[in-house]
Each structure stands twice: as C-alpha cells, then as structure tokens.
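Colleague: Predicted coordinates and the sequence they were generated for:
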Amino acid sequence: MSIYVFVYGTLRAGEINDLAQAAARRRLPAARYVGPASVPGRLVDFGDWPGLIPVEDGRRVRGDVFQVEPALIALMDEIEEYAPGKPCCFVRREVAARLESPPDAPARDPAAARYLACQYYPIDPSLRGAAVDIAADDWVCYRRARPVPEGR
C-alpha cells in the first residue's frame with residue numbers, strides 16, 4: 001500500500017534530511033517523486049529547520065509530493081521526532097495537497113487543480129516557541145537567500 005506525503009522543509013531533495021537519502025541509508029524502498037505542490041499554511045523559522053502552521057486565510061506553503069511505502073512513514077516519524085499520542089513539536093496529519101502543473105503543461109483552469117490526500121508534518125502552534133514568522137512560501141528558497149549567521 002502506497003502513501004502520499006507532502007514535504008516542505010528538511011525532507012526535501014538536497015536538504016539535511018533528504019527523504020531519498022534517508023531511505024537509501026536505511027535500505028528502505030525509494031520514495032517516488034510525484035511533483036511540486038502546495039498546502040494551506042504559513043512558515044516559521046526555527047533556525048536550521050522550518051515549521052508549517054496550518055491556516056485557512058489563503059496563504060500556501062510550497063513543497064513536494066512523494067509516494068512512499070509504509071516503512072518510510074516510520075522513518076519520517078523518527079526524523080520529525082513524532083510519536084503518536086505524545087506531545088511533539090511536529091504532528092502528522094492528512095492534508096489535501098494541490099499539485100502544480102509542470103512548466104511545459106498547457107495552461108488550465110485553476111479550479112480544475114489536482115489534489116492528493118497526503119500525510120504531512122505541520123507543527124503544533126502551541127509549541128512554536130521563539131520561531132520567527134516568515135513571509136516566504138518556500139523554505140528552500142528562503143533558506144538559500146537568507147544571510148548565514150556569524151560563526152557558521
């Protein structure tokens with residue numbers, strides 16, 4: 001049974017918890033890239049990693065959808081330090097991710113957008129602590145553009 005997941009931060013390709021690399025290290029089945037997508041939410045900056053806070057005000061967060069086997073969900077839970085039924089900064093929930101059209105696809109009606117039910121890891125807003133709100137909708141673009149803190 002395959003499961004779709006939406007990743008928006010450190011689990012994205014090339015990031016510190018790259019999903020494909022994490023699966024390979026554990027000799028788990030590879031995640032199959034489905035495509036770029038977005039979900040309702042806003043980002044906060046914890047420094048080395050982001051958090052996504054779900055919102056219903058029209059803001060969206062960009063990321064990627066992958067199709068994974070159940071064993072990879074357990075690994076993602078471990079990476080995100082998520083334990084069902086226990087207080088955690090990250091929680092695993094289901095969300096309808098809106099898939100983006102490939103750049104070479106013909107323009108289509110936005111109302112005809114394709115949605116997939118995905119698992120994802122937003123944060124518990126009560127545990128956000130001192131995380132800073134950011135206006136960006138894409139963590140990777142934001143992280144690459146921000147100045148590197150002194151001493152790093």
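Modeller: Thanks, I have it. Numbers count the residues shown, from 1 in each chain.

Colleague: buried residues in the longest helix seen in the chain?
Modeller: The single longest helix within the chain, with elements called by DSSP state H, is helix 70-79. Across helix 70-79, burial judged by 16 or more other CB atoms under 10 Å covers 72, 75-77, 79. The way it works is simple: take the backbone N, C-alpha and C, and place the C-beta from them, glycine included.

Colleague: which among the residues you listed gets closest to residue 8?
Modeller: Residue 8 has its nearest neighbour among the buried residues of helix 70-79 in residue 76, at 12.5 Å by CB to CB.

Colleague: for that closest one, what are its contacts?
Modeller: 5, 11, 19, 68, 82, 92, 121 (CB atoms under 8 Å, 6 or more residues apart in numbering).

Colleague: Point out where the chain drops to low pLDDT.
Modeller: Residues of the chain meeting the criterion pLDDT under 70: 1, 102-112, 149-152.

Colleague: now the strands for it?
Modeller: Secondary structure of the chain by DSSP state E: the strands cover 3-7, 32-40, 42-45, 50-53, 60-68, 93-99, 114-120, 132-133.

Colleague: And the last one, what does it pack against?
Modeller: Spelled out, it's strand 132-133. For strand 132-133, the packing partners by 3 or more CB pairs under 8 Å, 6 or more residues apart in numbering; DSSP states H and E come out as strand 42-45.

Colleague: Neighbouring strands of the strand it packs on in the sheet, and parallel or not?
Modeller: Sheet pairing of strand 42-45 (DSSP bridges) gives strand 50-53 (antiparallel), strand 132-133 (antiparallel).
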